[in-house]
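Asker: Got a predicted model here, sequence first, then my questions.
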Amino acid sequence: MSSDQSYVLRWGIISTGRIAMDFAKDLLVDPATRGTTDVAHKIIAVGSRSTESAQKFIDAYINGDQSVKAYGSYADVYADKNVDAVYIGTPHTLHYENALEALNAGKHVLCEKATTSNAGELKALLKLAKEKNLFFMEALWTRFHPLTLELKKVAEEGTLGDPVVVHADLSADFHTEDLPLTHRMLDPQLGGGALLDLGPYPMFWCMLALYEHPSNKQARPTSVVGSMVKSKITDVDACTSWTVNFTEHLQAQAVLSCSMTAQTAPFGATIRYKNGIITVKPPIFQSPSFTVQYFDKHGDVVREETKTFKYVGGGWHYEADEVARCVRDGKLESELWGHEKSIVMMETFDKVRRQGKYVLPQGVEKVGRVQ
Ligand SMILES: NC(=O)C1=CN([C@@H]2O[C@H](COP(=O)(O)OP(=O)(O)OC[C@H]3O[C@@H](n4cnc5c(N)ncnc54)[C@H](OP(=O)(O)O)[C@@H]3O)[C@@H](O)[C@H]2O)C=CC1
Ligand SMILES: O=C1OC[C@@H](O)[C@H](O)[C@H]1O
């Protein structure tokens with residue numbers, strides 16, 4: 001759906017799993033329902049390891065639209081001349097080669113989190129994207145939500161002062177004892193475990209609250225300390241926690257955690273400032289509301305405000321709109337979630353994996369094995 005003036009980005013979707021479904025469904029939501037009139041989306045093709053699965057996906061989630069091509073390989077999507085941008089929804093450890101092939105075929109890329117298996121792979125992709133003059137973005141969808149945009153305004157308008165401590169957790173009990181060993185959360189070949197799957201979200205709130213805060217002047221973390229509890233089933237991380245310090249311009253610390261064997265922590269994310277506190281209600285990847293409490297000089301709450309957000313769709317369409325705008329404007333990266341932030345995220349995960357002694361099997365990481 002598009003208004004006459006809108007720029008239409010033509011998508012190719014690769015993989016037919018859970019997140020590809022969520023993303024595709026959101027591309028079909030009328031942009032006007034979220035106040036978007038300058039860009040719109042068209043799904044041109046779906047690629048899967050089997051044509052049957054691609055066709056089933058189109059039938060089930062793209063209203064059986066006959067104009068959408070069902071391909072039995074990802075390569076066919078990259079080769080389709082009508083595709084402008086490729087959305088990658090495969091497991092983490094496949095992102096590198098999928099994105100590499102898409103970029104080499106001249107396509108812009110939106111790639112699911114965790115962007116790659118490690119920072120080395122990510123940097124190689126970013127270099128290629130720049131050489132080819134193509135847009136690349138990690139699909140950190142939470143960055144583009146209206147809640148996040150509003151929270152950032154409130155956080156940085158001055159009254160709250162500098163940020164000091166962030167706590168954030170994202171967990172989910174995947175009942176790993178019942179999963180097949182080939183499930184992406186358990187299989188080390190697929191980068192299984194809590195950190196690479198759930199970790200991007202606690203880390204995201206750390207990045208938003210501390211890294212992005214103007215007082216931090218975009219300084220990278222000064223230290224990262226992590227700890228992992230391994231799963232007894234496949235030795236991937238079941239529970240991981242890590243602290244991230246920002247001490248070059250701030251005196252601030254984030255205390256972050258994720259687990260794939262427990263329910264998420266009820267506090268979601270809290271950001272404590274000199275003069276108040278912001279609480280982000282769980283789930284922190286798709287939060288419905290946040291509350292701000294302002295303190296007087298004694299630390300007593302003098303004002304409290306809760307802001308609630310609703311929209312049509314699941315919220316993945318906001319990142320799609322960002323990609324469309326950037327591609328339309330010839331940008332190679334998003335100003336809101338650019339390359340440097342994805343690198344800081346992946347470098348942090350590399351450090352935590354090293355400290356937790358989580359080594360992926362030989363050959364999984366295509367660039368710079370973390371060990
Ligand atoms: N942004 C978000 O909200 C979310 C993001 N994610 C991210 O998306 C990625 C995929 O997660 P999710 O959709 O839950 O995973 P699924 O297991 O549901 O789907 C993954 C898909 O990848 C394709 N695939 C290609 N090779 C393999 C392989 N060797 N093993 C398994 N699947 C393969 C398959 O599609 P086909 O058979 O068609 O080729 C499969 O359906 C992860 O990186 C995850 O972190 C996940 C959930 C939410
Ligand atoms: O990105 C994600 O968000 C929601 C979680 O349920 C999921 O495991 C993760 O991949």
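Answerer: Received it, and whenever you're ready, just let me know what you need. Ligands and ions are numbered 1, 2, ... in the order given.
Asker: ok, what's across the strand from the closest residue to Val154 other than its chain neighbours?
Answerer: Computed as C-beta to C-beta, 6 or more residues apart in numbering, the closest residue to Val154 that is not its neighbour in sequence is Val292, at 5.7 Å. Every C-beta, even on glycine, is put in place using the N, C-alpha and C of the backbone. The partner list for Val292 in beta bridges (DSSP bridges) reads Ile278, Glu305.
Asker: isn't Val292 right next to Lys153, touching?
Answerer: No. Counting by C-beta atoms under 8 Å, Val292 does not reach Lys153; the two are 10.9 Å apart.
Asker: These two: which has the busier surroundings?
Answerer: More crowded of Val292 and Lys153, by other C-beta atoms under 10 Å: Val292, with 20 against 9.
Asker: ok, now how distant is that one from Ala85?
Answerer: 36 Å (C-beta to C-beta, to the nearest Å).
Asker: Likewise for Thr240?
Answerer: As for Thr240, its distance to Ala85 is 32 Å (criterion: C-beta to C-beta).
Asker: And for Trp141?
Answerer: 15 Å.
Asker: And His213, by the same measure?
Answerer: Separation of His213 from Ala85 (C-beta to C-beta): 31 Å.
Asker: Comparing those two, which shows the higher neighbour count?
Answerer: The residue with more neighbours, out of His213 and Ala85, is Ala85; 25 against 22, by other C-beta under 10 Å.
Asker: doesn't Val8 make contact with that one?
Answerer: No. Using C-beta under 8 Å, Ala85 makes no contact with Val8, being 11.3 Å away.
Asker: which ones are touching whichever residue of the stretch 51-200 of the chain sits closest to ligand 2?
Answerer: Of all residues in the stretch 51-200 of the chain, Asp197 sits closest to ligand 2, at 4.7 Å by C-beta to the nearest ligand atom. For Asp197, the contacting residues are 92, 114, 184-185, 191, 258, 260, by C-beta atoms under 8 Å, 6 or more residues apart in numbering.
Asker: Can you give me the distance of it to Thr348?
Answerer: From Asp197 to Thr348 the distance is 15 Å (C-beta to C-beta).
Asker: thinking again about what came up before, ok, which pair from the contacts of Asp197 is furthest apart?
Answerer: Using C-beta to C-beta, those reach their maximum pairwise distance at Arg184 and Cys258, which is 15.2 Å.
Asker: the more surrounded of those two?
Answerer: Cys258 (29 against 20).
Asker: Pretty sure that one sits in a helix.
Answerer: No. Cys258: not assigned to a helix; according to DSSP: H, G, I helix; E, B strand; the rest coil it is strand.
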